[in-house]
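*Asks:* sequence below, structure please.
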Amino acid sequence: MNRPPPSGLHTPGFAHYALAWSPFHSNRLALASAANYGLVGNGRLHLISLGPGPGGLPGLSLEKFYDTQDGLYDAAWSEIHENQLVTASGDGSIRLWDIMLNDLPIRAWQEHTREVFSVDWSNLQKDLFVSSSWDGTVKLWSPERPHSITTLQAHQSCVYQALFSPHQPDVIATCSTDGTLKLFDLRAPAYAPSAAGNSFTHPLSAAALTVPASGTEVLSLDWNKYRPLVLASAGVDKAARVWDCRMVKLGGGADVGPAVGGQCEASLVGHEYAVRKVQWSPHRPDVLATASYDMTCRV
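*Replies:* This next block holds a predicted model:
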């Protein structure tokens, strides 16, 4: 007997950039999309539910959607409010949405000067999220504040991703077109509030560690969920790499300055084109998934 395949969801006119599971509801997802593959045009945030489809197999259905004036590149659910999430937009804006409301966002920020390409909500310090932009900066935010808390001049060029460590709430990792991974420790003295100016006009730039991960652009990174200070990176060179950064002391003591290093544990090759996304399994410390412009996903 042939069973029908699980039912999918089509969004005509919109290409997908990011998919995020709700941390509160196992059957709810958010989908960030853009018209014309994100090159020009509007964006759309889709709210999707997972439920029984044809033949009793899981299926996807569209609950509602929100249109935006520019493409959406990423989305992250709040860790403290089950109905709220943030989106990253091509016009440099970040918006906070409440899915119980039907039209406008409940808050919007416009500090980045170019496309915002990633947002990540901390699952340790649950009242904070981070954004990264093509303007070279990374910003730390609270949903309750009208302006960013801290601005990091993370790289001199596009920052594709910024992620909180799942082990240390004050550590953020970034990757960029400059071929590096960087780790920032917000406990360092350099990040203490200063009367000289706010973080928006005086961005900070001291990375605790710089990892020369590739000779070309690094498009994606992820923290290992079981091994502190172990990360994976992937990018234009068609490879994914695993980095052990545990030999570097993080904590911001007076004897700790910027460091360059990171030991490459593994270099995983096989993709025929750039690797767009890398992600560790949330269930096992030794399983990694990649997705590439060669139209394959590999584990």
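
*Asks:* quick check: beta-bridge partners of residue 60?
*Replies:* Counting by DSSP bridges, residue 60 is bridged to residue 50.

*Asks:* and it, how many residues sit next to it?
*Replies:* 18 (other C-beta atoms under 10 Å). C-beta coordinates here come from the backbone N, C-alpha and C atoms, glycine included.

*Asks:* ok, how many other residues are close to residue 247?
*Replies:* 11.

*Asks:* my bad, residue 62
*Replies:* Using other C-beta under 10 Å: residue 62 sits among 13 other residues.

*Asks:* which stretch of helix or strand covers it?
*Replies:* strand 58-68 (DSSP states H and E).

*Asks:* just give the nearest non-adjacent residue to residue 164, would you?
*Replies:* Nearest non-adjacent residue to residue 164, counting by C-beta to C-beta, 6 or more residues apart in numbering: residue 122, 4.4 Å away.

*Asks:* centre of the chain to the strand holding residue 62, how far?
*Replies:* From the chain centre to the centre of strand 58-68 is a distance of 21 Å (C-alpha atoms, centre = their mean, to the nearest Å).

*Asks:* so where is this protein shaky, pLDDT-wise?
*Replies:* When residues are selected by pLDDT under 70, those of the chain lie in 1-7, 53-55, 190-205, 248-258.

*Asks:* per-domain residue ranges of it.
*Replies:* 1-71+82-110, 113-299 (automatic domain parsing).

*Asks:* hey, which of these is tucked in deepest?
*Replies:* domain 113-299 (a mean of 18; mean count of other C-beta atoms under 10 Å).

*Asks:* measure it end to end?
*Replies:* 36 Å (C-alpha to C-alpha, to the nearest Å).

*Asks:* what does stretch 225-242 give?
*Replies:* End-to-end distance (C-alpha to C-alpha), stretch 225-242: 13 Å.

*Asks:* could you do stretch 168-181 as well?
*Replies:* Start and end residues of stretch 168-181 are separated by 17 Å (C-alpha to C-alpha).

*Asks:* helices along the stretch 101-250 of the chain, start to end?
*Replies:* Applying DSSP state H, counting those that start in this stretch to the stretch 101-250 of the chain gives no helices.

*Asks:* what's near enough to touch the residue nearest to residue 164?
*Replies:* 79, 128, 129, 130, 164, 169 (C-beta atoms under 8 Å, 6 or more residues apart in numbering).

*Asks:* could you do residue 130 as well?
*Replies:* Counted by C-beta under 8 Å, 6+ apart, residue 130 has contacts 119, 120, 122, 138, 139, 140, 141, 162, 163, 164, 172.

*Asks:* same thing but 10 Å
*Replies:* 76, 118-122, 138-141, 148-150, 152, 161-164, 172, 174, 184 (C-beta atoms under 10 Å, 6 or more residues apart in numbering).

*Asks:* roughly how far apart are it and residue 167?
*Replies:* 16 Å (C-beta to C-beta, to the nearest Å).

*Asks:* again with residue 177
*Replies:* 27 Å.

*Asks:* ok, now residue 219?
*Replies:* 23 Å.

*Asks:* try residue 262
*Replies:* In terms of C-beta to C-beta, residue 262 sits 16 Å off from residue 167.

*Asks:* same check, this time on residue 102
*Replies:* Taking C-beta to C-beta, one finds residue 102 at 39 Å from residue 167.

*Asks:* fine by me, we can end here.
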